[in-house]
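Colleague: Take this sequence and fold it.
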Amino acid sequence: MTSTFVVHVENKPGVLNRVASLFRRRAFNIESLTVGHTDKPGISRMTIVVDTDEPGAARLEANLYKLVNVLRVDNITNQSSVFRDLAIIKVATTPESRAEIMQLAHVFRARVVDVTGESMVLETTGAEDKIDGLVEVLRPYGILEMARTGRVAMTRGASKQSDIQLDRRPVASATDPLDDEPVSYSV
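Modeller: Okay, here's the model as predicted:
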């Protein structure tokens with residue numbers, strides 16, 4: 001089972017390394033990791049997908065709050081959410097195959113962003129399955145290069161997940177089963 005976390009952190013050098021190292025030390029494999037700026041200056045948003053069960057997810061959430069630069073952690077695995085991936089795919093083309101590839105791009109709602117005599121670059125966003133499907137139908141033409149982002153996610157509805165203040169962190173208590181000691185984290 002995969003769990004999806006949205007983690008708000010201070011935008012400072014070394015924060016990404018500390019977060020990734022936490023997962024490594026706890027022997028969790030990160031399936032997907034995306035990081036970007038938020039609407040608040042000085043705060044970045046990480047979307048992290050990890051293969052773990054509910055107790056493992058609870059341990060990870062508690063351990064993430066131990067990191068100094070972590071401001072907020074939301075486990076959105078069981079919440080109604082929107083998930084998207086982005087892929088840019090360079091496909092080998094010939095004058096004869098270009099029209100077919102453009103039709104496939106249209107079916108998958110991909111955009112053609114570059115065309116040369118021997119290749120075409122497509123851009124698509126959507127669920128991971130949709131992108132996997134496009135890759136499979138393009139494979140016979142010859143995929144020359146591909147770049148994919150990880151998953152980005154946002155909960156549905158009017159609730160605002162970005163009400164974060166750098167100077168205040170309300171504290172609750174939880175127990176980390178691996179450490180058998182109290183862990184403080186924000187809620």
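
Colleague: residues contacting residue 50?
Modeller: Residue 50 makes contact with 2, 3, 5, 23, 28, 29, 30, 31, 56, 57, 60, according to CB atoms under 8 Å, 6 or more residues apart in numbering. Heads up, the C-betas are built off the backbone N, CA and C, glycines and all.

Colleague: Look up how far residue 145 lies from the second one.
Modeller: In this structure, residue 3 and residue 145 are 31 Å apart, going by CB to CB, to the nearest Å.

Colleague: can you check the first one too?
Modeller: From residue 2 across to residue 145, the span is 27 Å (CB to CB).

Colleague: Could you do residue 26 as well?
Modeller: The value you get for residue 26 to residue 145, if CB to CB is used, is 34 Å.

Colleague: who's more crowded, the two?
Modeller: Neighbour totals were compared for residue 26 and residue 145, and residue 26 leads with 15 against 10 (other CB atoms under 10 Å).

Colleague: My guess is the more buried one contacts residue 57. True?
Modeller: No. With contact defined as CB atoms under 8 Å, residue 26 does not reach residue 57; the gap is 11.4 Å.

Colleague: how does the protein divide into domains?
Modeller: Listed domain ranges for the chain are 2-79, 82-148 (source: automatic domain parsing).

Colleague: Can you list the residue ranges for helices in the protein?
Modeller: Taking DSSP state H to define them, one finds helices in the chain at 15-25, 54-66, 98-107, 128-138.

Colleague: So which residues of the chain form strands?
Modeller: When secondary structure is read from DSSP state E, the chain shows strands at 2-10, 30-37, 43-51, 70-75, 81-92, 111-115, 119-126, 143-148, 152-155, 172-176, 181-185.

Colleague: Make CSV out of the ones you listed and add distance to residue 64 and mean pLDDT.
Modeller: As requested, the strands of the chain are arranged in CSV below (distance: least, CB to CB, whole Å; pLDDT from 0 to 100):
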stretch, distance to residue 64, mean pLDDT
strand 2-10, 6, 94
strand 30-37, 12, 93
strand 43-51, 9, 95
strand 70-75, 5, 95
strand 81-92, 18, 94
strand 111-115, 36, 96
strand 119-126, 27, 96
strand 143-148, 25, 96
strand 152-155, 16, 90
strand 172-176, 11, 45
strand 181-185, 8, 47
